[in-house]
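J.: Below: sequence and its predicted model.
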Amino acid sequence: MNLSAQEYSSEIEGRVYSKNGDVAATHVSNVTQNRGTITDVNGFFDISVKLNDTLIFSAVQFKKKELVVTLEILNTKRLEVFLEEVLTQLSEVVVTPYNLTGDINRDAKRLKIDPIITSSTLGLPNAYVKPKTKNERRLAEADSGKFIEGASYKLDSTFNPMIVINLHKILNRVTGRTQTLKKYVAIDKEIVLLNTVKRSYHDSIYQQELKIPKERINDFMNFCEVDSLYTEVVESNDILRLWEFLERNSLVYRKNNQLD
């Protein structure tokens, strides 16, 4: 039985983007088939469509956008959608009991606003300290203090020297527990960096732009980790630099694995 293109459902991958980059949880609705989804933190989504289905993209901060599924979209199975921000302008109103006008500049001068209280505004000593991971806390506990410390105590008005040996730290070093925990901490960091890279781009980008087969994406990630610039590039949070890094490594990876 022959079916027209309009009768076939196809799963497409897409991404919404905007000037400010805040595209997480954007609603993507196929109003023709009465189904929908939401985008992830980077704006990626998957949805089932047919030819001539109508897709609507909406979020509080964006203008609603309507798009009709074409043959080109079905053939490429990819979709890039730019969303325009909404600029909400309110007429001048009076809001009691503070007699606000709606004009931020005027109201800011009129109101007395208490400062926001945070650990940094209070000047707390650990305000800017990054919380430790579970393995970092375990390592700090296992390897804290000096191996040997000098001390003294007073007995009958006489100061006597005393040496304190940190047996806990020595035993952890001797048994290899400290070294094991250091490896766990290093692995945790590698996992965080790897997840950062994988969240930056959808799997389809690796497949279609970098020509990396889906089943080899994880292996490609491991290949990139060996590069001496890997940590520096990922921690720079520079998306353009990261893409250039992945693109350069993909050429070498494909050549080494005879994927071209």
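T.: Happy to help now that I have it. Residues are numbered from 1 along each chain as shown.

J.: Tell me which stretches of the stretch 1-150 of the chain form helices.
T.: Listed in chain order, the helices of the stretch 1-150 of the chain (DSSP state H, counting those that start in this stretch) span residues 71-76, 104-110, 134-142.

J.: Now do the buried residues in the first one.
T.: Spelled out, it's helix 71-76. Using 16 or more other C-beta atoms under 10 Å as the burial criterion, the residues of helix 71-76 that qualify are 73-74. C-beta: built from backbone N, CA, C; applies to glycine.

J.: What of the last one?
T.: By neighbour count with 16+ other C-beta under 10 Å, helix 134-142 contains the buried residues 135-136, 138-139, 142.

J.: Please enumerate the strands of the stretch 151-260 of the chain.
T.: Under the criterion DSSP state E, counting those that start in this stretch, the stretch 151-260 of the chain carries strands at the ranges 158-165.

J.: Do me a favour and average the pLDDT over stretch 10-23.
T.: Confidence over stretch 10-23, taken as the mean pLDDT, stands at 86.

J.: Pull out the buried residues from that stretch.
T.: Judged by neighbour count using 16+ other C-beta under 10 Å, the buried positions of stretch 10-23 are 10, 12-16, 18, 23.

J.: Need the max-distance pair from the residues you listed.
T.: With C-beta to C-beta as the measure, no two of the buried residues of stretch 10-23 lie farther apart than 10 and 18, at 26.0 Å.

J.: contacting residues for the spatially closest residue to residue 250 that is not a sequence neighbour?
T.: Distances taken as C-beta to C-beta, 6 or more residues apart in numbering place residue 210 nearest to residue 250, at 4.0 Å, with adjacent residues excluded. The contact partners of residue 210, taken as C-beta atoms under 8 Å, 6 or more residues apart in numbering, are 220, 246-247, 250.

J.: Now the two most distant members of these.
T.: When C-beta to C-beta is used, the two most widely separated members of the contacts of residue 210 are 220 and 247, lying 11.7 Å apart.

J.: For these two, indicate the residue with more neighbours.
T.: Neighbours around residue 220 and residue 247, counted as other C-beta atoms under 10 Å, are more numerous at residue 220. The numbers are 20 against 11.

J.: quick one on the thing from earlier: so which of the buried residues of stretch 10-23 comes closest to residue 66?
T.: Within the buried residues of stretch 10-23, the smallest distance to residue 66 is 13.3 Å, found for residue 16 (C-beta to C-beta).

J.: ok, what's across the strand from that closest one?
T.: Partner residues in beta bridges with residue 16: residue 81, with DSSP bridges as the criterion.

J.: wait, isn't it in contact with residue 61?
T.: No. Between residue 16 and residue 61 there is no contact under C-beta atoms under 8 Å: 11.6 Å.

J.: in the stretch 1-150 of the chain, what spans have low per-residue confidence?
T.: 1-7, 87-130, 150 (pLDDT under 70).
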